[in-house]
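Colleague: Structure of the sequence below:
(2 chains)
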Amino acid sequence: MLLVVTYSQAARTSLRNVCRTHEDSVVRRFGRAALLRATEFGAFLALRLREKHPDDVQVERTEPFNEFRDVPESVREAATAYECRENPNTAYAKFAVDAPHPSPSTLKEREL
Amino acid sequence: MRLYEYVRIIAPGMALDRREALAAAARSRGVETSVDEEIESIRRRLSDHEASVPTLSDARRRVAETEAALEERRERVATLRGRVQASDDDAVTDEYRTAIRELSEAETEHLAATEALEDARSRARSARDERDRRLRLQDRLENRRREARVELVESVRPAADEAVVSAPGGDGRTFADADSVTAALAVARVGTVHAPVALACRRFSDAAEATAWLEAPVYWL
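Modeller: The predicted model follows:
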């Protein structure tokens, strides 16, 4: 999908108008951002907005997230285990010590 | 807009933005609101220089172009590799070497383009952080201004209602339901106007009466 983020009041207003007029091309709307369908029409709308507000419109392409394909098992297990922790006040950094789970710094170093 | 802009000419059929005019009347009387200081401070912060976002389209175009060139040369190397394995022709071997060299050049160019785009994206990110802050400030400014307007309007509404009742020839009982001429006369009376108000409404018998009621200079039309 195409993620369109706006950075000024004028650009935000234009995005709202586009979303209102072309509902069928909008997957989801957030305050000043929207997800557009990955069709040529979605791209056309995004490019129009960027043409109108060059500095205040950011367009990114998103990919579906599949944790079973994109994320190692150790990370999935760590997330599950941490959310089931006994003491809700334990920080993850502490939780990961003496556990088979990767530390936060290790996780930060590894790109997906 | 200052109060005078709303009441410069008072004539039948005139359009009047009542809330704005009433807020302007309060301001002309020097009414202050609880958010004035905050509004001033937000405005000062907003007047700082706006960060410009670097244009990324050239960098993106370059990445797309070098990627296409890279793909083309990869295919060429693959094709020639097959031909080299199938024949002993020196010319084919030379062509293959050239293709490999061109592929390596294309790889270098593509890598450089990718890095340049990454750099530009990270600069754009910090410029957008700045724009993000500005946008939030602008929204806050608008909210505070709305609050200020409510306070301003409420501070003079009783006086405006009274003025509507005492206005000659008016029909309303409150500022909100008065006709536009009566409402305009009321804000002019409630607020402080120094420049002459042009009157074309036949509500007063002469200029002196109008001046006395409005407590403002008038042009008698």
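Colleague: Got phi/psi on the residue of chain A found nearest chain B?
Modeller: Among the residues of chain A, residue A:7 lies closest to chain B, at 3.9 Å counting by C-beta to the nearest C-beta. Any C-beta I mention is one placed from the backbone N, CA and C, and that applies to glycine too. Dihedral pair for residue A:7: phi -130, psi 20, per degrees, to the nearest 10.
Colleague: pretty sure it is in contact with residue B:131, am I right?
Modeller: Yes. Using C-beta atoms under 8 Å, residue A:7 makes contact with residue B:131 at a distance of 3.9 Å.
Colleague: Mutual contacts of those two, please.
Modeller: A:55-56 (C-beta atoms under 8 Å, 6 or more residues apart in numbering or on different chains).
Colleague: Straight-line length of stretch B:162-178, end to end?
Modeller: One end of stretch B:162-178 sits 11 Å from the other (C-alpha to C-alpha, to the nearest Å).
Colleague: Oh, that last question was meant for stretch B:202-215, not what I typed.
Modeller: Start-to-end span of stretch B:202-215 (C-alpha to C-alpha) is 17 Å.
Colleague: Pull the distance from it to the chain's centre.
Modeller: 41 Å (C-alpha atoms, centre = their mean, to the nearest Å).
Colleague: Could you pull up the mean pLDDT of it?
Modeller: Averaged over stretch B:202-215, pLDDT sits at 91.
Colleague: List the buried residues of that stretch.
Modeller: B:203-204, B:210-211, B:213-214 (16 or more other C-beta atoms under 10 Å in any protein chain shown).
Colleague: Please apply the same query to stretch A:40-55.
Modeller: A:42-43, A:45-46, A:49-50, A:53, A:55.
Colleague: Please narrow these to those residing in helices.
Modeller: Judged by DSSP state H, the subset of the buried residues of stretch A:40-55 located in helices is A:42-43, A:45-46, A:49-50.
Colleague: residue nearest the centroid of chain A?
Modeller: Nearest to the geometric centre of chain A sits residue A:62, at 7.5 Å (C-alpha atoms, centre = their mean).
Colleague: How many residues are close by the residue nearest to that residue when sequence neighbours are not counted?
Modeller: Using C-beta to C-beta, 6 or more residues apart in numbering or on different chains and skipping the chain neighbours, the partner closest in space to residue A:62 is residue A:1 (4.9 Å). Using other C-beta atoms under 10 Å in any protein chain shown, residue A:1 has 18 neighbouring residues.
Colleague: Now do the contacts for residue B:220.
Modeller: Contact analysis of residue B:220 by C-beta under 8 Å, 6+ apart lists B:199, B:206-207, B:210.
Colleague: So the residue sitting furthest away from the middle of chain B: helix, strand or coil?
Modeller: Ranked by distance from the centre of chain B (C-alpha atoms, centre = their mean), the top residue is residue B:88, with 71.0 Å. Classification of residue B:88 using DSSP: H, G, I helix; E, B strand; the rest coil returns coil.
Colleague: Dihedrals phi and psi, it?
Modeller: Note on residue B:88: its backbone torsions stand at phi -100, psi 10 [degrees, to the nearest 10].
Colleague: Return the distance of it relative to residue B:77.
Modeller: Distance, residue B:88 to residue B:77, by C-beta to C-beta, to the nearest Å: 19 Å.
Colleague: Likewise for residue B:68?
Modeller: Taking C-beta to C-beta, one finds residue B:68 at 15 Å from residue B:77.
Colleague: ok, the two, which is more surrounded?
Modeller: Neighbours were counted for residue B:68 and for residue B:77 using other C-beta under 10 Å; residue B:77 has more, 16 against 12.
Colleague: Which residues are in contact with that one?
Modeller: Shown in contact with residue B:77 (C-beta under 8 Å, 6+ apart): B:96, B:99-100, B:103.
Colleague: do that again at 6 Å, thanks
Modeller: The contact partners of residue B:77, by C-beta atoms under 6 Å, 6 or more residues apart in numbering or on different chains, come to B:99-100, B:103.
Colleague: how about the strands in chain A?
Modeller: Along chain A, counting by DSSP state E, strands occupy A:2-6, A:26-29, A:33-36, A:57-61.
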